[in-house]
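**Q** can't give you the sequence, but here's the structure:
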Ligand SMILES: C=C(O[C@H]1C=CC=C(C(=O)O)[C@@H]1O)C(=O)O
């Protein structure tokens, strides 16, 4: 048996600029929301687990590490002292490793508190923070993977048939996109792009898994927990009026309300045995930059650690289905590929049993050789329509497609030549119709809104009557800059 490693941990006050820019370029560790959160640099130690007991096994190894650690903490805030970042595979039989990673350095910020934690193993000296490196702008287009749009529509149809036959109530089916980066590419540009476009989502990165999740599986601090359950989705409306109508319709739509109820009930049922004072608020429409979700917030008092809550909650009906076991078997059969860490818990934990864990959605796994796999799914119920679910997954894939395709748009206004080059790069052409959910929209850099290719009408603003080539006109006229 390996001897227990002894960690020395020192947290001191500090001041940081943008947290994510401090992360390792090719192996970023991050859990940041609205400017607050943690970024890890380097790796002091890694706990690797797998199988059905992966969360419990990680908890046991973490407890042993905590018991042997010497911690000096002059800040004493949520996220100071000894912390580890973690990601767990979705399925019990996944080939993907689940890991807890203790960084060498942690930079943290919460409100007015900002700190640096330095971590040394055994008798090593405490590490010194390094100056941050310029972020390289990395770009890659993602293409359909093992479950292409056609196959996705087919498996959604099969799931609807199984649900109507009474085999189960709900199943969440996902599809994938793939791409390739050079090995060792700077992943921070994708992270910065996600943070900039989705500042209220949780920008996460652990062991090559990165994304911007809107769904907090559990946040635990001093025994109090917060869980946000999301299920039920609608596209944003093109005008404020249409947007309001979309949110109102979502809140009463029987399919979405039913789908949401199953997800919220599954979370409550999982939390009940380990919580006191459970209280819910919702469902309510939660606005994200690219879509509306139905949300329910659950608070409670936890008996145990944040990992106990994860073990109880994962996988909720927001990412698996109801009944859970039947849904998991259907997912394995219909998707037919390993989800890896997609839809598993991703987050961080501390020495007192607290931490914050999101569901790994709206993201991708980047392997050490640079290959990328992104997933997005949708909850399927009896009256789901395959084309609608396919369109929903296209909207959910947009954050990660944009993060890799156009991470940090620098030009404030594109020339018509660069717009044409962009269209070529993403294979946007007159073959793409606005009905095609695979056709990405172009964000106009001239502040004129989102453009979509509208067949014979050319590029048009989503919220305006047909106006061919508006981006090129705006550039020529020098109009609407900024
Ligand atoms: C499974 C995903 O989203 C879940 C979370 C919010 C809304 C969902 C829905 O409306 O289907 C899904 O349950 C995903 O983004 O891949």
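**A** Sure thing, it's come through. Not measured: the values here are computed from a predicted model.
**Q** please count neighbours and contacts with C-alpha atoms only from this point.
**A** OK.
**Q** enumerate the residues of the protein near the ligand.
**A** Applying C-alpha under 6 Å from any ligand atom, we find that the chain lies next to the ligand at 230-233, 318-319, 361-362, 376-379, 396.
**Q** same thing but 5 Å
**A** Those residues of the chain that sit near the ligand, judged by C-alpha under 5 Å from any ligand atom, are 230, 231, 232, 233, 318, 319, 361, 376, 377, 378, 379.
**Q** mind listing what the host helix or strand of residue 294 pairs with, with the direction of each?
**A** Taking DSSP states H and E as the criterion, residue 294 maps to strand 291-302. Strand 291-302 pairs in its sheet with strand 224-235 (antiparallel), strand 275-287 (antiparallel), by DSSP bridges.
**Q** deepest-packed of those strands, please.
**A** Mean neighbour count, computed with mean count of other C-alpha atoms under 10 Å, is highest for strand 224-235 among the strands paired with strand 291-302, reaching a mean of 24.
**Q** can you name the next helix or strand after it?
**A** helix 240-252.
**Q** could you point out which element follows that next one?
**A** helix 254-271.
**Q** distance from the chain centre to stretch 137-155, please.
**A** 17 Å (C-alpha atoms, centre = their mean, to the nearest Å).
**Q** mean confidence for that stretch?
**A** On average, the pLDDT along stretch 137-155 is 96.
**Q** end to end on it, go ahead and measure it.
**A** 37 Å (C-alpha to C-alpha, to the nearest Å).
**Q** from here on, count from 348
**A** All set: I'll call the first residue 348, so the last point we hit is now stretch 484-502.
**Q** what sits up against it?
**A** With C-alpha atoms under 8 Å, 6 or more residues apart in numbering as the test, stretch 484-502 has contacts from 521-528, 532-534, 536-537, 681-682, 684, 720, 733-734, 736-737, 748, 751-755, 772-773.
**Q** buried set for that stretch?
**A** Residues of stretch 484-502 classed as buried by neighbour count (16 or more other C-alpha atoms under 10 Å): 484, 485, 486, 487, 488, 489, 490, 494, 496, 499, 500, 502.
**Q** the spatially closest residue to residue 533 that is not a sequence neighbour and the ligand: what is the separation?
**A** Spatial nearest neighbour of residue 533, excluding adjacent residues (C-alpha to C-alpha, 6 or more residues apart in numbering): residue 372 at 4.5 Å. In this structure, residue 372 and the ligand are 26 Å apart, going by C-alpha to the nearest ligand atom, to the nearest Å.
**Q** share the number of residues neighbouring residue 372, please.
**A** 21 (other C-alpha atoms under 10 Å).
**Q** which ones are touching it?
**A** So residue 372 contacts 482, 531, 532, 533, 534, 535 (C-alpha under 8 Å, 6+ apart).
**Q** any idea of the mean pLDDT for stretch 689-698?
**A** On average, stretch 689-698 scores 98.
**Q** which residues sit against that stretch?
**A** The contact list for stretch 689-698 (C-alpha under 8 Å, 6+ apart) reads 378, 410, 413, 426-437, 551, 553, 564, 653, 657, 661-662, 666, 702-708, 710-712, 721-722.
**Q** now do stretch 420-431
**A** For stretch 420-431, the surrounding residues in contact (C-alpha under 8 Å, 6+ apart) are 356-360, 384-385, 413, 418-419, 447-450, 455, 457, 460, 462, 464, 466, 568, 695-698, 701-702.
**Q** what does stretch 386-404 give?
**A** 366-367, 369-371, 375-379, 405, 408, 432, 435-436, 438-441, 443-455, 466-468, 654-655, 657-658.
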